[in-house]
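Chemist: Show me how the following folds:
(one chain, ligands or ions: 3)
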Amino acid sequence: MSNGILVINAGSSSSKFSVYVMDGGLHFVTKGQVEGIGVGIQPHFSAVNAAGETIADELWPSFEVGKRHSSLLRLLIDWIEGHLGDATLKAVGHRVVHGGQKFAAPAIVTPEVVSELKGLVALAPLHQPHNIGPIETLHDMHPELPQVACFDTAFHTTKRLEASLLGLPRKYLDAGVRRYGFHGLSYEYIASKLAEVAPQVAKGRVVIAHLGSGASMCGIKDGRSVDSSMGFTAVDGLMMGTRTGALDPGVVLHMVQSEGMDGKALEKLLYKDSGLLGVSGGLSNDMRVLLASDDPNAREAVDLFVYRIVKEIGALACALGGIDALVFTAGIGEHSAEVRKRVIEQVKWLGITLDPVANQNNALCVSTSDSSVSAWAIPTDEELMIARHTQRLVFGV
Ligand SMILES: Nc1ncnc2c1ncn2[C@@H]1O[C@H](COP(=O)(O)OP(=O)(O)O)[C@@H](O)[C@H]1O
Ligand SMILES: CC(=O)OP(=O)(O)O
Ligand SMILES: [Mg+2]
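Modeler: Ligands and ions are numbered 1, 2, ... in the order given. Predicted structure coming up:
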C-alpha cells in the first residue's frame with residue numbers, strides 16, 4: 001500500500017488541491033478545485049485525472065455559514081479518499097503565503113507553528129487566514145495526519161539585506177515591516193526545472209516573471225533569490241489583474257485626505273478594483289479578454305502591464321549585475337505569446353532575440369539559438385514543489 005500526499009492551495013473564494021502518490025517516485029493522481037466558497041453562491045467542484053480528463057464537475061451543497069469551509073473540506077477529503085486507489089492519505093502540504101522573519105524553510109505544523117502563522121495575518125490579510133483555516137480543520141478531523149506549511153516567502157530569505165529594507169523608522173523595520181517577496185514556491189520550482197533543462201542557464205543570472213492573477217518577478221543567481229518585485233505585501237511591484245502594484249504612497253494619502261477613504265475602502269481599491277480591471281475601465285481582469293478587445297482602455301491596460309514588466313526587468317538585471325536569461329511563467333506567462341512578444345520587443349537591446357515560431361507554439365525556449373540572452377516559457381508547478389517538501393519533511397525522502 002503506497003502513501004498519498006494531498007496538497008492544498010487555499011484562497012478566499014476557491015481552494016485548489018492536488019494529490020500525489022509515493023510509488024517509487026512522486027506520481028500525480030488528480031487535481032481540482034472548489035470554487036465559489038464565498039457566501040451566496042453554490043460551491044462548484046471540479047477535478048481532472050493524470051491524463052487531464054475531467055472526472056468531476058458538480059455543484060456541492062452550500063452548508064450553513066460559519067461551517068462552510070470545514071464542511072466542504074470534509075467533503076473534499078472523502079472524495080479524495082475515494083479516488084486514491086489502494087493508496088492511503090498519509091500527509092498534507094499547504095501553501096502558506098507568509099512565513100514572516102521566522103520561517104526560512106517549510107515546517108511541520110505544530111500548535112506553536114499555527115500560532116506563529118496567526119501572528120502574521122496582518123501582513124497578508126487576503127491570503128493568510130484562508131491558508132490557516134484548512135490546517136486547523138484538518139487537524140480537528142485527522143489529528144494524526146502530519147501537515148507541512150510551505151511558505152511563499154521562504155525562497156526569498158537569501159536576499160541581501162538592502163533588498164529587504166524599507167526607508168522607514170527603525171522601530172517599524174524591527175517589527176517586521178520589511179520587503180519579503182512572494183510566489184517563492186513557483187520560483188523555486190522554475191529554478192529546479194531550469195537546472196534540469198538548461199543547467200548552464202540555471203547557474204547564471206535569471207529574471208523570472210510569474211504572471212498569473214497575482215504577478216511578481218524575481219531575480220535569481222545560481223538558483224537563489226537576489227530580489228523580487230513584491231515586498232511587504234502581495235500588492236507591491238507589477239500591476240496585476242485587480243491589484244495596483246507599486247504605487248506612489250502619496251496616492252494613498254490623497255485617497256485618505258481628499259476622498260475620505262478608510263482602511264477597508266483602501267484595501268478594496270488596492271487589491272480588488274485596480275490593475276488590469278481598473279485601468280480597462282472595469283472591462284476585465286482577464287488578459288485574454290483585454291487582448292481581444294479594441295477598446296482603447298483595454299489597450300492601455302495591456303500596454304501598462306507590459307511596461308511595468310519591462311521596467312522591472314531592468315531593475316532586477318541591475319540587482320543581479322546583468323542578465324543571462326528571462327523566464328515567463330504562470331497563466332499569462334505560460335500561455336500568452338502576445339504578452340511575451342511585447343515584453344521581449346521592448347528589451348531586445350539586452351541581447352534577447354525572439355524566435356517567433358517557438359514563441360507562438362509556447363515552446364520551452366522562445367529565443368533564437370544565437371540570442372546572447374535566452375528567453376523561456378516554463379509552466380510552473382507550485383503544488384509539486386509543496387508535495388516534494390512534504391515528502392522530504394514527513395518521510396525523509
Ligand atoms: N491564453 C492566455 N492568454 C492570456 N492570458 C491567459 C491565457 N490563459 C490564462 N491567462 C491568464 O492567466 C491568469 C490566471 O493565471 P494563474 O497563474 O492561473 O493565476 P492564479 O494561480 O493566480 O489564479 C488569468 O487571469 C488569465 O488572464
Ligand atoms: C502572493 C500572491 O499574490 O499569490 P496569488 O498569485 O496566488 O494571489
Ligand atoms: Mg497562482
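Chemist: Helices of the stretch 101-250 of the chain, start to end?
Modeler: When assigned using DSSP state H, counting those that start in this stretch, the helices of the stretch 101-250 of the chain occupy the ranges 111-118, 128-141, 170-174, 184-197, 199-202, 249-257.
Chemist: what do you get for the stretch 251-397 of the chain?
Modeler: 263-271, 275-279, 287-292, 296-320, 330-335, 337-346, 356-360, 382-395.
Chemist: Please report the distance of Lys311 from Met239.
Modeler: 11 Å (Cβ to Cβ, to the nearest Å). For the C-beta atoms, the positions are set from N, CA and C on the backbone; glycine is no exception.
Chemist: higher neighbour count, the two?
Modeler: The neighbour count for Lys311 versus Met239, taken as other Cβ atoms under 10 Å, is higher for Met239 (23 against 15).
Chemist: from what I can see the more buried one touches Leu276, true?
Modeler: Yes - Met239 lies in contact with Leu276 (Cβ atoms under 8 Å); the separation is 7.1 Å.
Chemist: Give me the common contacts of the two.
Modeler: When Cβ atoms under 8 Å, 6 or more residues apart in numbering defines a contact, the residues bordering Met239 and Leu276 alike are Phe305.
Chemist: domains in this protein, as residue ranges please.
Modeler: 3-151, 198-382 (automatic domain parsing).
Chemist: And the last one, end to end?
Modeler: In this case it means domain 198-382. Looking at domain 198-382, the gap from its leading to its trailing residue is 20 Å under the measure Cα to Cα, to the nearest Å.
Chemist: What of the first one?
Modeler: In terms of Cα to Cα, the two terminal residues of domain 3-151 are separated by 23 Å.
Chemist: distance between that domain and the chain's centre?
Modeler: For domain 3-151, the gap between its own C-alpha mean and the chain's C-alpha mean amounts to 15 Å (Cα atoms, centre = their mean, to the nearest Å).
Chemist: Same question for the last one.
Modeler: The chain centroid and the centroid of domain 198-382 are separated by 13 Å under Cα atoms, centre = their mean.
Chemist: how about that domain against ligand 2, any contact?
Modeler: Yes - using Cβ under 6 Å from any ligand atom as the criterion, contacts between domain 198-382 and ligand 2 involve 212-214, 234.
Chemist: Can you give me the end-to-end span of stretch 52-63?
Modeler: Across stretch 52-63, the terminal residues are separated by 30 Å (Cα to Cα).
Chemist: contacting residues around it?
Modeler: Outside of stretch 52-63, the residues that reach it under the criterion Cβ under 8 Å, 6+ apart are 30, 32, 34, 42-49, 68, 71-72, 75, 79, 83.
Chemist: Which members of those residues are positioned in helices?
Modeler: Using DSSP state H, the members of the contacts of stretch 52-63 that fall within helices are 68, 71-72, 75, 79.
Chemist: Can I get those in CSV including pLDDT?
Modeler: Rendered in CSV, the data for these read as follows (pLDDT from 0 to 100):
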residue, pLDDT
Arg68, 82
Ser71, 89
Leu72, 89
Leu75, 92
Trp79, 95
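Chemist: top of the residues you listed by neighbour count?
Modeler: Of all those, the most densely surrounded is Leu72 (21 neighbours; neighbours counted as other Cβ under 10 Å).
Chemist: Of the domains of the chain, which shows the lowest average pLDDT?
Modeler: The stretch with the lowest mean pLDDT among these is domain 3-151, at a mean of 91.
Chemist: quick one, what contacts Leu238?
Modeler: Counting by Cβ under 8 Å, 6+ apart, Leu238 makes contact with 211, 215-217, 229, 245-246, 305, 308-309, 312.
Chemist: Phi, psi for it please.
Modeler: phi -60, psi 150 (degrees, to the nearest 10).
Chemist: separation between it and ligand 2?
Modeler: Distance, Leu238 to ligand 2, by Cβ to the nearest ligand atom, to the nearest Å: 10 Å.
Chemist: The stretch 1-150 of the chain: strands as residue ranges?
Modeler: Along the stretch 1-150 of the chain, the segments classed as strands by DSSP state E, counting those that start in this stretch run 3-10, 14-22, 26-35, 44-49, 54-59, 88-96, 107-108, 147-151.
Chemist: End to end on stretch 224-235, go ahead and measure it.
Modeler: Stretch 224-235 has an end-to-end distance of 23 Å (Cα to Cα).
Chemist: re earlier: out of the helices of the stretch 251-397 of the chain, flag the one nearest ligand 1.
Modeler: In terms of Cβ to the nearest ligand atom, the element of those nearest to ligand 1 is helix 330-335, at 2.0 Å.
Chemist: Just confirm yes or no for the closest one near ligand 1.
Modeler: Yes - for helix 330-335, a contact with ligand 1 is found by Cβ under 6 Å from any ligand atom, at 330-332, 335.
Chemist: And these, which of them are buried?
Modeler: With burial judged by 16 or more other Cβ atoms under 10 Å, the buried subset of the residues of helix 330-335 next to ligand 1 is 330-332, 335.
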